[in-house]
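# got a predicted model here, sequence first, then my questions.
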Amino acid sequence: MSQKNTAGVRPAQPVALVTGASGGLGQALAMELDALGCRVAVHYNRSVDAARAVAGKLDNPSIVVGGDIGSWDAVGTMFEEIQEGLGPVDVLVNNGGIRRDALMAMQSPQDWHEVIRTNLLGTFHTTRAAVGGMLRRRWGRVINIVSPSGLIASSGQTAYSASKAGIIGLTRSLAAEVGRRGVTVNALSPGFMETPMTSGLSDAVVDGIREKSPIPRFPTPEEVAVAMRLFLDSDCVTGQVVSVDGGVSIT
Ligand SMILES: NC(=O)c1ccc[n+]([C@@H]2O[C@H](COP(=O)([O-])OP(=O)(O)OC[C@H]3O[C@@H](n4cnc5c(N)ncnc54)[C@H](OP(=O)(O)O)[C@@H]3O)[C@@H](O)[C@H]2O)c1
């Protein structure tokens, strides 16, 4: 039986964009992609110094780019800068994101909107900007950072959960659209990590997550980042959510 394979060839030094590479997980993702041979566009929204520090640690050519992923225009400018500095984006890691937690009965519409705008709409904007070129070149990788909150109930996080569950839906549907052109789309779901995003959580909340988890310790950003190797290397893994969460999402 013949199988039609329209996939292209992986570039020798793929260009990878990591959104939110100025943050805790993003830095580890950028460093892992650099170790895997990519040239990385290190993205920030507000923390330019942190992004420059990350770029300074990379061995391969890299650039620093800024912008609000919730803005389609800002994303367009950012992609032009990456095209000029490194070339077209082959690997897109949608990592930048926010959380604004509150019980829904008390949550402001502005906060709910901002979470969806940044996390879900931001993922659409960058992916929309990248995927056409990937399809034309017949090779690409989209890796979306999600969360156990997109898979299981998490009270106080309706906005964040909805944004991450939405990204999981986007991941599966886009994977179905683009697989025949050598582009894979997957999601990576880290468990709780100690990063700026979680620094404000109380000890009681953090202890509660640890107690619930089959493996009672938290993954480091570096332990999460190694999972990207599978997505980068495999032509056959697509539309999947890989959890590196100590098993918390099965509880
Ligand atoms: N920490 C956890 O326990 C955990 C667990 C599961 C999933 N995650 C996910 O992992 C990802 C990274 O989180 P983190 O823990 O590394 O948090 P973090 O340290 O707070 O980093 C968040 C990153 O997102 C960027 N960002 C925020 N708003 C943005 C916007 N409007 N446009 C573009 N970028 C924006 C920030 O950029 P600037 O700092 O430059 O403004 C920062 O680089 C997020 O998607 C998060 O949902 C985290």
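Yes, it's here.
# tell me which residue of the protein lies closest to the ligand.
The ligand sits closest to Gly23 of the chain, with a gap of 2.1 Å, by C-beta to the nearest ligand atom. Where C-beta positions appear, they are placed from N, C-alpha and C, glycine not excepted.
# neighbours of that residue, how many?
By the criterion of other C-beta atoms under 10 Å, Gly23 has 25 neighbours.
# just Ala35 next, same as before
Neighbourhood size, Ala35 [other C-beta under 10 Å]: 14.
# got it, and Val241?
Residues lying near Val241 (other C-beta under 10 Å) number 18.
# so who does it touch?
Applying C-beta atoms under 8 Å, 6 or more residues apart in numbering to Val241 gives the contacts 146, 151, 168, 171, 186-189.
# Ser173: neighbour count?
Counted with other C-beta under 10 Å, residues neighbouring Ser173 total 12.
# which helix or strand contains it?
In this assignment (DSSP states H and E), Ser173 forms part of helix 158-178.
# chain center to the lengthiest strand in the chain, what's the gap?
For the chain, the strand that runs over the most residues, judged by DSSP state E, is strand 183-190. In terms of C-alpha atoms, centre = their mean, to the nearest Å, the centre of strand 183-190 is found 8 Å from the chain centre.
# okay, the angle between it and helix 158-178?
Going by axes from the mean of the first three to the mean of the last three C-alpha atoms, to 10 degrees, strand 183-190 is angled at 150 degrees with respect to helix 158-178.
# which elements pack onto strand 183-190?
helix 122-137, strand 140-145, helix 158-178, helix 221-225, helix 228-233, strand 241-244 (3 or more C-beta pairs under 8 Å, 6 or more residues apart in numbering; DSSP states H and E).
# quick one: contacts for Ser71?
Counting by C-beta under 8 Å, 6+ apart, Ser71 makes contact with His125.
# hmm, try it at 10 Å
Neighbour list for Ser71: 77-78, 117, 121-122, 125 [criterion: C-beta atoms under 10 Å, 6 or more residues apart in numbering].
# and it, how far is that from Val142?
20 Å (C-beta to C-beta, to the nearest Å).
# include distance to Gly37 and mean pLDDT when you put the helices and strands packed on strand 183-190 into a markdown table, please.
As requested, the helices and strands packed on strand 183-190 are exported to a markdown table (distance: least, C-beta to C-beta, whole Å; pLDDT from 0 to 100):
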| stretch | distance to Gly37 | mean pLDDT |
| --- | --- | --- |
| helix 122-137 | 17 | 99 |
| strand 140-145 | 13 | 99 |
| helix 158-178 | 23 | 98 |
| helix 221-225 | 14 | 98 |
| helix 228-233 | 9 | 97 |
| strand 241-244 | 21 | 98 |
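# and those, which is most packed in?
Stretch with highest mean neighbour count among the helices and strands packed on strand 183-190: strand 140-145 (a mean of 26; mean count of other C-beta atoms under 10 Å).
# quick check, it touching the ligand?
Yes - using C-beta under 6 Å from any ligand atom, strand 140-145 comes into contact with the ligand via Ile145.
# mind showing which ranges of the chain have poor pLDDT?
The chain contains residues with pLDDT under 70 at 1-5.
# and it, which residues reach the ligand?
So far as C-beta under 6 Å from any ligand atom goes, the chain lies against the ligand at 19-20, 22-26, 44-47, 68-70, 95-98, 118, 122, 145, 147, 190, 192-193, 195-198.
# restricted to strands, list those residues.
Among the residues of the chain next to the ligand, the members falling in strands (DSSP E) are 44, 145, 190.
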